[in-house]
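Colleague: turn this into a structure:
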Amino acid sequence: MTSRPPTSDEQIAFLANIQLLLDEGQFVASYKFALLIALADLAIESEVDDGRELEIPIEKIAEKFVAYYWRQAAPWSPAGRAKDAVVLRQNAGKQAEVLTRVFEVRERVSAYEVEVRRNSREWRSLIAKVKHVVAVMPLWKLQTLKGRKLEFLYENRERGTAIVLKPGVAFNLRQFHPLVTGLARSAWAQFVRQLGANHDVLGQAVDLEEFLFGTPRADLSDYRTILGPLQKDQCFYCDARLRGRGAVDHFVPWRRYPVDLAHNFVLADDGCNSRKSDLLADVPFLERWLRRNEDAKDELTASFIARHLPFDFDVSRQVTRWAYAQVEHTGGQVWAPETTYKSLGGEWRSVFDLSRSSP
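Modeller: So this is what the prediction gives:
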């Protein structure tokens, strides 16, 4: 089985197929857009950074669906008409079942990451129902075009508990993650806008995409409680004593990968947090972040479990590795306090290799 990364021609062909899928795919519900985004996100969270195949459990896809549709299960409120708020239709017929299932749970709880996961029976039940929908509906229909099938992502076998992305697919999804997810989100918003049942509700709304995919600011107080003592109330970046509460910063910025995982957070003073903004931090901070998560592994795990916070250090590590690789590949810059900005060389890779081999 090849581990060779796709050639430039193969990468272009992949992007052409993505565009063809969005242009000619048979979309009667928004599931296929969610599925395409889920595959791209899960490719990022994997260790496959070459041309190998990637097996993805259907349950992992179902978990992504719940995260995506949680926000969209909130009622859309037409400007000035809060009393007319309704959940937007996401199916050409009756409401999409996944959205209905998520809405039922959302009506009973108020916080996805904490309250839903805290009730393990409710969480398992929701995931099982969504998993069934994914396995029956979009998984085997995503690659169906008008009059033909385009099986360039995975084979349509309709059995088992997982799919296997074909050689090179995971690499391309990682390489072009912002482009693929951006195209899928734009097409998703357009699909929702064009459904007749939504016309009267949406009117001329211009902020639909923000409603569908924007994320409300999460309550980060639990992270601050954990990180303060761990960092001895010092800024993660400049070591200065924190004034006030400090800012809970995404080490890998939310703009690069919009998933909250507990290991990704650090506590920073307002100045460093503001100057770093949406950039990755320089290599010494990457080394500090890796070492912190390794050295405090047991302490952090116990704290995250106690507060029902979502965490997976291996996934956080893979996302971080991908983010630094992308910046290096594109010739981008990282934030360094002494120079403000600097180019990222390849030395970050040795930091990862050393941390992986450390006892």
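Colleague: tell me where the stretch 251-359 of the chain has strands.
Modeller: For the stretch 251-359 of the chain, strands defined by DSSP state E, counting those that start in this stretch occupy the ranges 265-268, 333-336, 340-343.
Colleague: of all those, which lies closest to Ala16?
Modeller: strand 333-336 (30.7 Å; CB to CB). Using the backbone N, CA and C atoms, a C-beta is placed for each residue, glycine as well.
Colleague: how distant is the closest one from the center of its chain?
Modeller: Centroid displacement of strand 333-336 relative to its chain, using CA atoms, centre = their mean, to the nearest Å, is 23 Å.
Colleague: enumerate every residue touching the residue nearest to Arg4 when sequence neighbours are not counted.
Modeller: For Arg4, ignoring the flanking residues on the chain, the nearest one in space by CB to CB, 6 or more residues apart in numbering is Gly51 at 4.7 Å. By CB atoms under 8 Å, 6 or more residues apart in numbering, the contact set of Gly51 is Thr2, Ser3, Arg4, Pro5, Pro6, Pro167, Gly168, Phe171.
Colleague: so can I have TSV of the strands of the stretch 251-359 of the chain showing mean neighbour count?
Modeller: Converted to TSV, those look like this (neighbours: other CB atoms under 10 Å):
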stretch	mean neighbour count
strand 265-268	24
strand 333-336	19
strand 340-343	12
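Colleague: check the gap between the residue nearest to Arg4 and Ala73 for me.
Modeller: 38 Å (CB to CB, to the nearest Å).
Colleague: ok, now Ser274?
Modeller: 33 Å.
Colleague: which one's more surrounded, these two?
Modeller: Counted by other CB atoms under 10 Å, Ser274 and Ala73 do not tie: Ala73 has more neighbours, with 21 against 11.
Colleague: that one against Val87, yeah?
Modeller: Yes - contact criterion CB atoms under 8 Å: Ala73 and Val87 qualify, at 6.2 Å.
Colleague: and Leu280, what does it touch?
Modeller: Going by CB under 8 Å, 6+ apart, the list of residues near Leu280 reads Val252, Pro253, Arg256, Leu286, Ala323, Tyr324, Val327, Val334, Trp335, Leu344.
Colleague: any idea what the closest residue to it other than its chain neighbours is bridged to?
Modeller: Nearest non-adjacent residue to Leu280, counting by CB to CB, 6+ apart: Val334, 4.8 Å away. As for beta bridges, Val334 partners with Lys342 under DSSP bridges.
Colleague: these two touch, right, Val334 and Ser277?
Modeller: No - between Val334 and Ser277 there is no contact under CB under 8 Å: 11.5 Å.
Colleague: re earlier: output the contacts of Gly51 as a markdown table; include the columns pLDDT, distance to Phe352 and neighbour count.
Modeller: As requested, the contacts of Gly51 are arranged in a markdown table below (pLDDT from 0 to 100; distance: CB to CB, whole Å; neighbours: other CB atoms under 10 Å):
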| residue | pLDDT | distance to Phe352 | neighbour count |
| --- | --- | --- | --- |
| Thr2 | 65 | 24 | 11 |
| Ser3 | 82 | 19 | 12 |
| Arg4 | 89 | 22 | 12 |
| Pro5 | 92 | 18 | 17 |
| Pro6 | 94 | 23 | 19 |
| Pro167 | 96 | 24 | 20 |
| Gly168 | 97 | 23 | 23 |
| Phe171 | 97 | 18 | 24 |
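Colleague: could you single out the nearest of the residues you listed to Val130?
Modeller: When those are compared against Val130 (criterion: CB to CB), the nearest one is Phe171, at 27.6 Å.
Colleague: and that closest one, what element?
Modeller: helix 169-175 (DSSP states H and E).
Colleague: rounded mean pLDDT for the helix or strand that that helix is followed by, please.
Modeller: Counting by DSSP H and E, the next helix or strand C-terminal to helix 169-175 is helix 177-194. Helix 177-194 shows a mean pLDDT of 91.
Colleague: contact partners of helix 177-194?
Modeller: For helix 177-194, with CB under 8 Å, 6+ apart as the criterion, the contacting residues are 15, 18-19, 22, 27, 30, 33-34, 36-37, 40-41, 43-44, 88-90, 173, 198, 202, 208-209, 212-213, 322, 326.
Colleague: now the buried members of those.
Modeller: For the contacts of helix 177-194, a burial check counting by 16 or more other CB atoms under 10 Å picks out 18, 22, 27, 30, 33-34, 36-37, 40-41, 43-44, 88-90, 173, 198, 202, 208-209, 212-213, 322, 326.
Colleague: returning to that earlier point: need the overlap of contacts for Ala73 and Val87.
Modeller: In contact with both Ala73 and Val87: Leu99, Phe103, using CB under 8 Å, 6+ apart.
Colleague: picking up where we left off before, which secondary structure elements does the helix holding Phe171 contact?
Modeller: helix 8-24, helix 31-44 (3 or more CB pairs under 8 Å, 6 or more residues apart in numbering; DSSP states H and E).
Colleague: will you turn those helices into JSON lines that also has distance to Tyr237 and mean pLDDT?
Modeller: Shown next, in JSON lines, are the helices and strands packed on helix 169-175 (distance: least, CB to CB, whole Å; pLDDT from 0 to 100):
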{"stretch": "helix 8-24", "distance to Tyr237": "36", "mean pLDDT": "91"}
{"stretch": "helix 31-44", "distance to Tyr237": "25", "mean pLDDT": "96"}
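Colleague: out of those helices, nearest to Leu227?
Modeller: Using CB to CB as the measure, helix 31-44 is the one of the helices and strands packed on helix 169-175 that comes nearest Leu227, at 24.2 Å.
Colleague: by how many degrees do the closest one and helix 177-194 diverge?
Modeller: Calculated by axes from the mean of the first three to the mean of the last three CA atoms, to 10 degrees, helix 31-44 forms an angle of 160 degrees with helix 177-194.
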